[in-house]
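Novice: this one's structure only:
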C-alpha cells in the first residue's frame, strides 16, 4: 500500500518530488504516532491482568507491547525511505531522488516536533495538575478515580509518551538514514554500495531487535537486568552480522578524501555506533535509576525541603551531561578516523539501527504506568499495584535511557547533516559556475554571530515549551480545585468527578500552545537565509550553535526529570518517611518540575535540531 501511494504521487507530481517526499514523511510520522498510541492502549489492560499473576508475566506483556511499536516504527521508516528512493530514482533520476529525500526528512521532523510538543504539553499539564492538587492538597493516591484530572493524566501518557515518542524515533531513524545516504551520495559519488550500506545496517539490526525480544521472553531475573540484557543481545547479534555484510559490499574498500579505507575500518565505524548505544544506556541508567547515588541524593535532599530537592535535581541533570558528551566526542573522533564524514554517518546509522529494541524499552514505561492506574481504578488488590509500581520505576529509567539515546544520536546525526549542508552548498555553487569560497573560520565575525543565534534557539524553544505546560497545568489545578469545592462529595465517593472538562482543557492547550515553539526553528533559519548580509556562513554557524547547546540542554533536562521522578518513587517505597511525609511532598514538587523537563521540552529539542539542519539544506537553491 505504501509503495502504491508513493508511486501514484510521484507519477502525478513528478516535477515536485521533494514536495511529495515532504507529504510522505509527514504521513509516516503521523502513522508511527498512531501505531504507538494504539498498541499502548491495548497493552495497558493486558499488563494489569498479567500483574495479578506475576511480575515476570507483566514485564513480558508490557515489553512485547512496546516491541510491536518498535518493530513497526523501524519497519515503516525503512520501507518509506527505501520505496520512495527506489521509485523516485526510476521516475525522476538518481540525483533528484537523493535531493528529494531531504523533503521526506523535513516532513517527518516537522510532524515529530508537533507530536512531541503537543503530546508533551497534553500529558504533563494533566500530570502536574493531578499531582499538585491530588497528592499534596488532598492526599489522594496516584491515579485515584476521585481526582478529576486522573483520566486526562492516563490519556496523556498514551498521547505524549507513546504517540509522541513513536513519531520522534521514526523521525530520528528516518533522518539518520537519509543523512547517511546524502553523505554517501555526495562524498562517494559513483559507488552505489555507499548508498545501500545504511539500508543494510538498518535491516540487519531488525534481526538483532527480534533476538532481544526473544531474550526478554525467556530470561528470568530482575527487570532492569533483563531489559539491559536484551539491548546487549541485540547489539551482539548486529555486530556479528555487520562484519560479513561490510566486507561483501566493500570488498576493496573505498577512497575517501584521497585515502583508501578498508572494509575493516568501515566495520569498526559501525561498531562505534553500537558501542555508543551501550554507553549512553549505562550512563543514563546511572543518573536516573533509584538504585544509584544521584537519585538517592535527590531523595535525601527532599528531607530538608522543596527548594533543596529542586537544587539537587538541577545539579544531577547538569552533571549528567559530562560523560555522554565526552563519549560523543570520542565517537566522532574515532569514526572520522576510520571513514571520514561517511564514517560518522555509518556510526550514526549503526546507533540508530538499534531503535527497534530501544523503542520497546521506551514504550514499556508508559504501558506499566497506565497499568498501575487501571489497577487502582479497578479496585484490584494492592499487590497488583505493587507489581506495576516496581515495573513503573524501571520504566521511568528506561524512558530516560531512550531519551538520552535519541538525543545523543540526534547530536551525531545533526553533525552529519551539517556536513551534508556544506557539501550540498559546494555542489550548488560550483554547478552555477562560481568558485566555492565558503570559509567557516572562528576568526570570521559572521561565524560567531551564527553560533550565538544558533546557541540561543534551544533556550527560546524550551522556554516557550515550559511556559505552555505551566499555563495548561495551572488551568487544570484551578479546575480540579473548583470541582472539589463545588462537590465535596467527590472525596467521599458520593459524587462523580467531571473528567471530561480536564481532558478538554489539556487538549485545547496542547493544540494552541505548541504552534509558536514548533515554528521557531523554521523562522530562525528562513530569517537568517533571507537577510543578505548574513548568508550561508552565518547559517552554518547557526546550525553548529544549535547542535552544541541543544545537546547539553536536552541531556540535562531529560536526566533531571528522570531522576526527580524516581526520587519520588524511592521515597514512596517507604524510604525517608514514605508516602505522606514532608520528604514525599518535596519529592512530588520536584517530580512536577521534572515532568515538563523530561517529557516536553527536553525530548522536543531532538527533532528541533534536525529541523534546523534539514531546512538549511533544503533552502540552499532558494536563497543561495
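Specialist: On my side now, so go ahead. Keep in mind that what you see is a predicted model, and the values were worked out from it rather than measured.

Novice: show me where pLDDT drops low in the stretch 351-500 of the chain?
Specialist: Where the stretch 351-500 of the chain drops to pLDDT under 70, the residues are 431-438.

Novice: tell me where it has strands.
Specialist: Remark: no strands are assigned in the stretch 351-500 of the chain by DSSP state E, counting those that start in this stretch.

Novice: likewise the chain?
Specialist: Counting by DSSP state E, the segments of the chain that form strands are 254-256, 259-261.

Novice: okay, the ones you listed, which one's buried deepest?
Specialist: Stretch with highest mean neighbour count among these: strand 254-256 (a mean of 18; mean count of other C-beta atoms under 10 Å). Using the backbone N, CA and C atoms, a C-beta is placed for each residue, glycine as well.

Novice: before we move on, the earlier item: out of the strands of the chain, nearest to residue 390?
Specialist: Proximity to residue 390 (C-beta to C-beta) singles out strand 259-261 among these, at 48.1 Å.

Novice: touching, residue 18 and residue 99? I think so.
Specialist: Yes. Counting by C-beta atoms under 8 Å, residue 18 does reach residue 99; the two are 6.8 Å apart.

Novice: more neighbours, the two?
Specialist: Taking neighbours as other C-beta atoms under 10 Å, residue 18 and residue 99 compare with residue 99 leading, 22 against 18.

Novice: who's in contact with that one?
Specialist: Counting by C-beta atoms under 8 Å, 6 or more residues apart in numbering, residue 99 touches residue 18.

Novice: one more time with 10 Å
Specialist: Contacts for residue 99 (C-beta atoms under 10 Å, 6 or more residues apart in numbering) come out as 17-18, 21, 88, 92, 182, 185, 424, 427, 617-618, 620-621.

Novice: OK, contacts around the nearest residue to residue 550 once chain neighbours are set aside?
Specialist: Leaving aside its chain neighbours, residue 550 sits nearest to residue 458 (4.1 Å; criterion: C-beta to C-beta, 6 or more residues apart in numbering). Taking C-beta under 10 Å, 6+ apart, we find residue 458 in contact with 520-521, 545-554, 557, 601, 604-605, 608-609, 612.

Novice: buried among the contacts of residue 99? Need that as a selection in ChimeraX.
Specialist: Here is the ChimeraX command that selects the buried residues among these (16 or more other C-beta atoms under 10 Å):
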select :17,18,21,88,92,182,185,424,427,617,618,620
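
Novice: which neighbours do residue 18 and residue 99 have in common?
Specialist: Shared contacts of residue 18 and residue 99, defined by C-beta under 10 Å, 6+ apart, are found at 88, 92, 618.

Novice: any chance of a markdown table for those residues, columns pLDDT and distance to residue 237?
Specialist: Output for these, formatted as a markdown table (pLDDT from 0 to 100; distance: C-beta to C-beta, whole Å):
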| residue | pLDDT | distance to residue 237 |
| --- | --- | --- |
| 88 | 85 | 32 |
| 92 | 80 | 37 |
| 618 | 85 | 36 |
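
Novice: want to try CSV for those, with distance to residue 484 as columns?
Specialist: Formatted as CSV, the shared contacts of residue 18 and residue 99 follow (distance: C-beta to C-beta, whole Å):
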residue, distance to residue 484
88, 58
92, 62
618, 51
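
Novice: quick check, nearest of those to residue 236?
Specialist: Nearest to residue 236 among those is residue 88, at 35.7 Å by C-beta to C-beta.

Novice: give me the distance between that closest one and residue 578.
Specialist: 60 Å (C-beta to C-beta, to the nearest Å).

Novice: cool, residue 426 as well?
Specialist: According to C-beta to C-beta, residue 426 and residue 578 sit 63 Å apart.

Novice: low-confidence stretches in the stretch 501-624 of the chain?
Specialist: Scanning the stretch 501-624 of the chain residue by residue, none of them satisfies pLDDT under 70.

Novice: for the stretch 201-350 of the chain, same thing?
Specialist: The stretch 201-350 of the chain contains no residues with pLDDT under 70.
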